[in-house]
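In: Below is the sequence, then the predicted model.
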Amino acid sequence: MTGQQHLKPNRRQVLKGAGVIGGLVGLLLGGGILGWQAISDRPADSPSVVQPGQDPSLETLAGAAVSGGPGKDGIPSIDRPKFVPAQDADFLKDEEPVFGLEYRGEVWAYPQQVLVWHEIVNDTVAGEPLTVTYCPLTGTVIGFSSPPGMPELTFGTPGKLVNSNLLMYDRQTGSEWPQLLGTAISGPLKGQRLDTLPLVWSTWKEWRAAHPDTRVLSTDTGALRDYGSDPYGSYAPQSGYYVEGGPLFPVLAMNDRLPDKEVVIGVRAGEQRLAIDKDLVRKAKTVQATVGGREVVARWDDQLDTARVFQRVGDRWQPADFLDSMWFAWYAFYPNTQVRQ
Amino acid sequence: MNKVLTAVARVGDAWDATVAAAVVTPRRVRAALAVRRHRRIGLVGAAVVLLAYLASIGDLVVSPSGRFTGVPVFQTAWEQLFRARAPYLFEPVLAVHPTQHVAVFVSPINLLLGTIVAALVGCNVAVAGLAARQAASCRRPRYARLLAVLPAFLLGFACCVPTFLLVLGSGAAAALLPVLIPLRPVFYPLTLLLLIGTLVWGASRLSMRPATDDSGGERRRLGQ
């Protein structure tokens, strides 16, 4: 470029430069807007959205949904589960956790090492549709079925979390259901609640000894995964996410009455909620309480090394609506829970 | 006003220079790869990045304890070929367990995406190696070689940040995940853009004079 050109810039170069600057500004603006939208889609981390004396509303929970990383059905549900007899389940080690289900005389084991990769099993148990769900981030296992009057539902993963807990969507209506809540927070079925069936945490050795005739969910799931490894940590021996630190994703409310990852037995009766420290049941063997005007009792099962909860209905004891949960997750959904520790 | 126009015109000049650099980049990369020593270093760099990429997305698993005992050597799920698990992450269609210590989950699309990143890193390494050799012969400091190579490696891993954070499982992961995960879709294209940018920049620094290949003693003319 000559000195004369410096004095009078080349018109073509000026136009070219203006085009480049305009393009860059456009790109930066567009990228900035998209980035801002992506980040601002996150809910406010402030627990102030939960009012004192009230559990979070369905709207608050719906607004608290965040992306968990994988896309829709990126964590694939098992839709055609295959089961093997106990003697053929050689992929399981004795100390590995399994989730046990006893229903109408049938006995099933869902290995944690399989569910950690799938989270949802759309199953049929005793001839009835049943969805078995597991959220590794909150340590919660729940069986769901549709109550009378609701269409039969099958579930998938939308790739989102609420209170660090698995959010499910049903494939029939697209409504979204936080697993721990079991109530739709958005979609046509918003406000409706699924029937629950409790599963118990046990180990393969104990479950197999108690139920030698059990059927076991196979690793032949239709997807290829590194079964036997756990991306979050380990339960035998306990390590990683399952014992260290707090929740990975935002939660609406926190409480330090118990350590975040302490396991509690959450009990729901009517509109009341109770959390019992699982260690308390292990030591005391029996813990009695009143929840929502109902008598409940948590009993330790030495054979399966787990706790079960029953509620009095008339003069009979029936299984209550209960589940194992990490303390932080139970509290985030039910900040008004009673606590026994 | 004239000053503003001059500045804008300089942006136009810079654009021309960038386009010119981009145009000569393939020829210069070919020339750098033609030198056996730099080709070899580039290949090693690319192989390391590809293996690290596959390990970070879980497609390559090594178990020192040998926990793959009893797992079938081959398992297939061909119908999953185009099924995405996350942005730029696809389902494997073939699982191979050649020994009880190694598992390889093959997704052709993941392999392609990893190979593209690895090839760009390999080219960056080869070009940076040659540029550093030329810089050394001009008595420029030797750390220039390191400075040229490091960004290429770091950028190669950038797309796998969420996976690495999850492995860490630390408080930092809890703080960063909610921000990083929504931005994950841009990691891979951003990595490609940055790798291409550093490649063009690296290639433009190559001297146009003949280069000497110590290993082969062969002389080649770079660029145009």
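Out: Perfect, thanks for sending it. Numbers count the residues shown, from 1 in each chain, chains lettered A, B, ... in the order given.
In: which element is A:Phe144 on?
Out: Following DSSP states H and E, one finds A:Phe144 within strand A:140-145.
In: just A:Leu166 next, same as before
Out: Under the assignment here (DSSP H and E), A:Leu166 is part of strand A:165-170.
In: For the next helix or strand after that strand, name the packing helices and strands.
Out: Using DSSP H and E, the next helix or strand after strand A:165-170 towards the C-terminus is strand A:176-178. Applying 3 or more CB pairs under 8 Å, 6 or more residues apart in numbering or on different chains; DSSP states H and E, one finds that strand A:176-178 contacts strand A:165-170. Any C-beta I mention is one placed from the backbone N, CA and C, and that applies to glycine too.
In: What pairs with the strand it packs on, parallel or antiparallel?
Out: If you go by DSSP bridges, strand A:165-170 pairs up with strand A:155-156 (antiparallel), strand A:160-162 (antiparallel), strand A:176-178 (antiparallel).
In: Next, name the residue at the spatial heart of chain B.
Out: With distances taken as CA atoms, centre = their mean, B:Val121 lies nearest the centre of chain B, 3.1 Å away.
In: That one and B:Ala128, how far apart?
Out: Here the criterion is CB to CB, to the nearest Å. By it, B:Val121 lies 10 Å from B:Ala128.
In: Then A:Ser164?
Out: 43 Å.
In: can you count the residues close to the residue nearest to A:Ser175 when sequence neighbours are not counted?
Out: Closest residue in space to A:Ser175, ignoring its immediate chain neighbours: A:Gly187 at 2.9 Å, by CB to CB, 6 or more residues apart in numbering or on different chains. For A:Gly187, the neighbour count with other CB atoms under 10 Å in any protein chain shown is 15.
In: what's near enough to touch A:Gly187?
Out: Residues counted as contacts of A:Gly187 (CB atoms under 8 Å, 6 or more residues apart in numbering or on different chains) are A:169-170, A:173-176.
In: Which parts of the chain are helices?
Out: Assuming you mean chain A. A:3-7, A:11-40, A:58-63, A:112-118, A:204-210, A:278-284, A:327-333 (DSSP state H).
In: um, chain B though
Out: So, for chain B - with DSSP H - the helices run B:2-34, B:36-56, B:108-137, B:143-158, B:161-168, B:171-205.
In: among those, which is nearest A:Arg193?
Out: helix B:171-205 (28.4 Å; CB to CB).
In: what mean pLDDT does that closest one have?
Out: The average pLDDT for helix B:171-205 rounds to 76.
In: again, but for stretch B:94-103
Out: On average, stretch B:94-103 scores 92.
In: so where is chain A shaky, pLDDT-wise?
Out: Counting by pLDDT under 70, the ranges of chain A that qualify are A:1-7, A:38-53.
In: next one: chain B
Out: Checking chain B against pLDDT under 70 turns up B:1, B:135-180, B:182-183, B:207-224.
In: which of the helices of chain B sits most buried?
Out: Most buried of the helices of chain B, by mean neighbour count (mean count of other CB atoms under 10 Å in any protein chain shown): helix B:108-137, with a mean of 22.
In: how deep is residue 66 tucked in, by neighbour count?
Out: All of this is about chain A. A:Val66, neighbours per other CB under 10 Å, totals 20.
In: wait, chain B
Out: Residues near B:Gly66, counting by other CB under 10 Å: 10.
In: Next, it: phi, psi?
Out: Dihedral pair for B:Gly66: phi 70, psi 50, per degrees, to the nearest 10.
In: show me the contacts for the nearest residue to A:Ser218 once chain neighbours are set aside.
Out: Spatial nearest neighbour of A:Ser218, excluding adjacent residues (CB to CB, 6+ apart): A:Lys82 at 4.4 Å. Listed by CB under 8 Å, 6+ apart, the contact partners of A:Lys82 are A:217-218, A:220-221.
In: tell me which of these is nearest to A:Pro70?
Out: Checking those one by one against A:Pro70 (CB to CB), the nearest turns out to be A:Thr221, at 15.9 Å.
In: thought that closest one was touching A:Ile78?
Out: Yes: contact status for A:Thr221 versus A:Ile78: in contact at 5.0 Å, counting by CB atoms under 8 Å.
In: Which residues are in contact with each of the two?
Out: Between them, A:Thr221 and A:Ile78 share the contacting residues A:114, A:118, judged by CB under 8 Å, 6+ apart.
In: Does stretch A:71-79 reach chain B?
Out: Yes: interface with chain B: stretch A:71-79 contributes A:71, A:74-76 (CB under 8 Å from any CB of the partner chain).
In: just to revisit the earlier point, could the strands paired with strand A:165-170 go into CSV alongside mean neighbour count and distance to B:Asp59?
Out: Output for the strands paired with strand A:165-170, formatted as CSV (neighbours: other CB atoms under 10 Å in any protein chain shown; distance: least, CB to CB, whole Å):
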stretch, mean neighbour count, distance to B:Asp59
strand A:155-156, 20, 23
strand A:160-162, 26, 24
strand A:176-178, 25, 30
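In: Would you mind saying which of those lies nearest B:Leu206?
Out: strand A:160-162 (48.3 Å).
In: Run the chain-centre distance for the closest one.
Out: Distance of strand A:160-162 from its chain centroid, counting by CA atoms, centre = their mean, to the nearest Å, is 8 Å.
In: burial measure for B:Val106, as a count.
Out: Close neighbours of B:Val106, defined as other CB under 10 Å, add up to 16.
In: Verify the stated contact: it with B:Val93.
Out: Yes: counting by CB under 8 Å, B:Val93 is a contact partner of B:Val106 at 6.5 Å.
In: Number of residues surrounding the closest residue in space to A:Gly293 that isn't next to it in sequence?
Out: Leaving aside its chain neighbours, A:Gly293 sits nearest to A:Gly270 (6.8 Å; criterion: CB to CB, 6+ apart). If you count neighbours by other CB under 10 Å, A:Gly270 ends up with 10.
In: Pull the contacting residues for A:Gly270.
Out: Contacts of A:Gly270 by CB under 8 Å, 6+ apart are A:291-294.
In: and the residues you listed, which are buried?
Out: Using 16 or more other CB atoms under 10 Å in any protein chain shown as the burial test, the contacts of A:Gly270 include A:Val291 as buried.
In: Among the contacts of A:Gly270, which one sits closest to A:Thr337?
Out: Closest to A:Thr337, out of all of those and judged by CB to CB, is A:Val291, at 9.6 Å.
In: pretty sure the closest one contacts A:Leu274?
Out: Yes: contact criterion CB under 8 Å: A:Val291 and A:Leu274 qualify, at 4.5 Å.
In: Overlap of the contact sets of these two?
Out: In contact with both A:Val291 and A:Leu274: A:267, A:338, using CB under 8 Å, 6+ apart.
In: Next up, the contacts around B:Arg39.
Out: Residues in contact with B:Arg39 (CB under 8 Å, 6+ apart) are B:32-33, B:126.
In: what's the closest non-adjacent residue to A:Phe249?
Out: Leaving aside its chain neighbours, A:Phe249 sits nearest to A:Ser164 (4.2 Å; criterion: CB to CB, 6+ apart).
In: ok, which stretches of the stretch 151-300 of chain A are strands?
Out: Using DSSP state E, counting those that start in this stretch, the strands of the stretch 151-300 of chain A run over residues A:155-156, A:160-162, A:165-170, A:176-178, A:195-198, A:200-203, A:215-217, A:233-235, A:238-240, A:263-269, A:272-277, A:286-291, A:294-301.
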